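Asks: pasting the structure only:
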């Protein structure tokens with residue numbers, strides 16, 4: 001498999017450049033999760049980095065280079081939203097209730 005040296009910004013890995021495996025499309029993964037063991041033997045803390053375009057000089061329409069930015073909130077990835085899929089939240093009330 002191919003790998004690419006990818007820079008990391010923010011968080012504990014700020015300024016480091018690590019080799020990241022590329023996927024089938026030749027891009028690194030959208031999220032990079034790093035488990036950090038707990039000193040007290042508890043569950044590990046997971047650091048989450050998100051892939052963002054790495055722009056050097058003038059912006060180009062098709063980005064070929066990427067970098068990872070630290071996501072301190074570690075929000076959950078959004079799933080694909082197809083036009084035919086149902087919304088996540090359903091309104092309250094009974095199905096036959098016309099007034100909600």
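Replies: Nice, thanks for sending it over. Keep in mind it's a predicted model, so treat the numbers as computed, not measured.

Asks: what's near enough to touch the residue lying closest to residue 19 once chain neighbours are set aside?
Replies: The shortest distance from residue 19 to any non-neighbouring residue, by C-beta to C-beta, 6 or more residues apart in numbering, is to residue 3 (4.2 Å). C-beta: built from backbone N, CA, C; applies to glycine. Each residue near residue 3 by C-beta atoms under 8 Å, 6 or more residues apart in numbering is listed here: 19-22.

Asks: who's residue 3 bridged to?
Replies: Beta-bridge pairing of residue 3 under DSSP bridges involves residue 21.

Asks: as TSV, the contacts of residue 3 with neighbour count and distance to residue 52 would be great.
Replies: Formatted as TSV, the contacts of residue 3 follow (neighbours: other C-beta atoms under 10 Å; distance: C-beta to C-beta, whole Å):
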residue	neighbour count	distance to residue 52
19	11	18
20	19	13
21	11	18
22	16	16
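
Asks: of the residues you listed, just say which sits nearest to residue 42.
Replies: Looking at the contacts of residue 3 and their distance to residue 42, the nearest is residue 20, at 27.7 Å (C-beta to C-beta).
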